[in-house]
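Student: Please find the sequence and the predicted model below.
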Amino acid sequence: MNTAYHPGSLAVQERLGVQDLAAHVGRSITNGIRPIAAAFLEAQPMLMLGAADAEGRVWSTLLTGAPGFVRATGPHTVSVAAALPEGTPDGTPVGTIALDPRTRRRMRLNGTARTSGRGFTIEAEQVFSNCPKYLQKREWYGSEPAGPESVTARHGEELTPDQARRIKAADTFFIATAAPDGVDTSHRGGNPGFVRVDTPRELSWRDYPGNSMFLTLGNLEEDGRAGLLFLDWETGLTLQLSGRAHTEYGPEGRVTRFHVDHTIETPAGSPLRWSPPEYSPANPPTP
């Protein structure tokens with residue numbers, strides 16, 4: 001993936017008449033990791049990683065560790081002290097987002113991941129930050145040791161009633177999308193209820209105004225594969241969904257619809273424990 005927008009993002013920008021703004025903000029995308037970005041990465045206890053597995057399914061996965069488990073080892077390279085998610089091929093394109101709920105800051109880094117003695121490295125191709133819109137503020141209470149339940153994943157092909165309830169109550173999720181030139185992972189946030197569960201295999205949400213890059217929606221124009229990650233910030237449960245998504249454009253805004261193909265629920269999948277949220281003042285009201 002190079003630093004220019006691909007045709008899918010350009011098509012969305014043109015459809016919405018934001019080419020000039022997108023060109024302006026797009027200048028912030030570089031392939032280098034600046035010192036301030038390196039310091040931010042090294043302070044984080046979690047990293048969300050998007051990638052396609054060996055069967056081509058796109059997933060968004062939470063990686064955790066003590067601060068310093070993600071660190072820049074050069075102007076274009078990041079080292080992660082964690083294994084690539086199960087089923088992720090070596091040398092694969094990945095999209096990552098480091099999000100700090102304590103400060104409402106986030107940083108995205110896309111590139112190619114290769115296994116290493118420490119875990120894996122990412123050769124950066126796109127590095128940029130986003131604004132704090134729709135980020136809920138949380139305090140980090142610390143970490144709990146992993147128990148046996150943390151490795152007991154439950155697989156499915158549609159949402160259970162309890163999973164649907166969790167999604168309806170969610171204020172945050174992460175979405176990984178793919179395009180011919182790479183993978184991107186982004187954040188979506190809002191007040192509880194901003195994600196709708198239309199059926200056990202169908203979700204939808206309004207696409208709130210953002211930075212006009214339209215990397216996620218552009219990838220969906222090009223490919224359609226997507227992976228969602230929901231976190232229970234207080235218990236550490238993780239819920240990953242893999243499927244396909246598309247966006248509908250209408251006079252009242254944009255709605256993205258996601259079809260569930262596979263689910264993975266991992267109780268205590270994260271050792272991190274966070275406080276209840278302080279909602280972003282930018283969150284639009286929900287019906």
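Tutor: Ah, there it is.

Student: any weak-confidence spans in the stretch 51-200 of the chain?
Tutor: 147-151 (pLDDT under 70).

Student: need the helices for it, in chain order.
Tutor: With helices called from DSSP state H, counting those that start in this stretch, the stretch 51-200 of the chain shows them at 161-169.

Student: Skipping adjacent residues, who's closest to residue 88 in space?
Tutor: residue 51 (4.9 Å; C-beta to C-beta, 6 or more residues apart in numbering). Quick note: C-beta positions are derived from backbone N, CA and C, even for glycine.

Student: Please look at the one you found and residue 59 and confirm they touch.
Tutor: Yes: Residue 51 lies in contact with residue 59 (C-beta atoms under 8 Å); the separation is 6.7 Å.

Student: who touches both of these two?
Tutor: Applying C-beta atoms under 8 Å, 6 or more residues apart in numbering, one finds that residue 51 and residue 59 are jointly contacted by 85, 176.

Student: in the stretch 151-287 of the chain, which spans are strands?
Tutor: Taking DSSP state E, counting those that start in this stretch as the test, the strands found in the stretch 151-287 of the chain are 154-156, 172-179, 182-189, 195-199, 202-206, 225-231, 238-250, 253-266, 272-274.

Student: what about the ones you listed, which gets the closest to residue 30?
Tutor: In terms of C-beta to C-beta, the element of these nearest to residue 30 is strand 182-189, at 15.0 Å.

Student: Name the strands paired with that closest one and say parallel or antiparallel.
Tutor: strand 172-179 (antiparallel) (DSSP bridges).

Student: and the partner strand with strand 202-206, angle?
Tutor: 100 degrees (axes from the mean of the first three to the mean of the last three C-alpha atoms, to 10 degrees).

Student: re earlier: contacts only, for the residue nearest to residue 88.
Tutor: So residue 51 contacts 58-59, 61, 84-85, 88, 92-95, 113, 176, 183 (C-beta under 8 Å, 6+ apart).

Student: In PyMOL, how would I select the buried members of those?
Tutor: Of the contacts of residue 51, the buried ones go into a single PyMOL selection, burial set by 16 or more other C-beta atoms under 10 Å:
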select buried, resi 58+59+61+84+85+88+92+93+94+95+113+176+183
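
Student: Nearest to residue 25 among the contacts of residue 51?
Tutor: For those, the nearest to residue 25 is residue 95 (17.6 Å; C-beta to C-beta).

Student: my guess is the closest one meets residue 47, correct?
Tutor: No: Residue 95 is not in contact with residue 47 according to C-beta under 8 Å; the separation is 11.0 Å.

Student: Quickly list what's touching both of those two.
Tutor: By C-beta under 8 Å, 6+ apart, no residue touches both residue 95 and residue 47.

Student: Pull the contacting residues for the closest residue to residue 224 other than its chain neighbours.
Tutor: Of all residues not flanking residue 224 in the chain, residue 244 sits nearest, at 4.7 Å (C-beta to C-beta, 6+ apart). Taking C-beta under 8 Å, 6+ apart as the criterion, residue 244 is in contact with 224-226, 258-259, 261.

Student: Against residue 130, how distant is residue 244?
Tutor: 24 Å (C-beta to C-beta, to the nearest Å).

Student: Make CSV from the contacts of residue 51 and add distance to residue 210 to it.
Tutor: Shown next, in CSV, are those (distance: C-beta to C-beta, whole Å):
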residue, distance to residue 210
58, 20
59, 23
61, 23
84, 29
85, 26
88, 27
92, 27
93, 22
94, 22
95, 16
113, 26
176, 17
183, 19
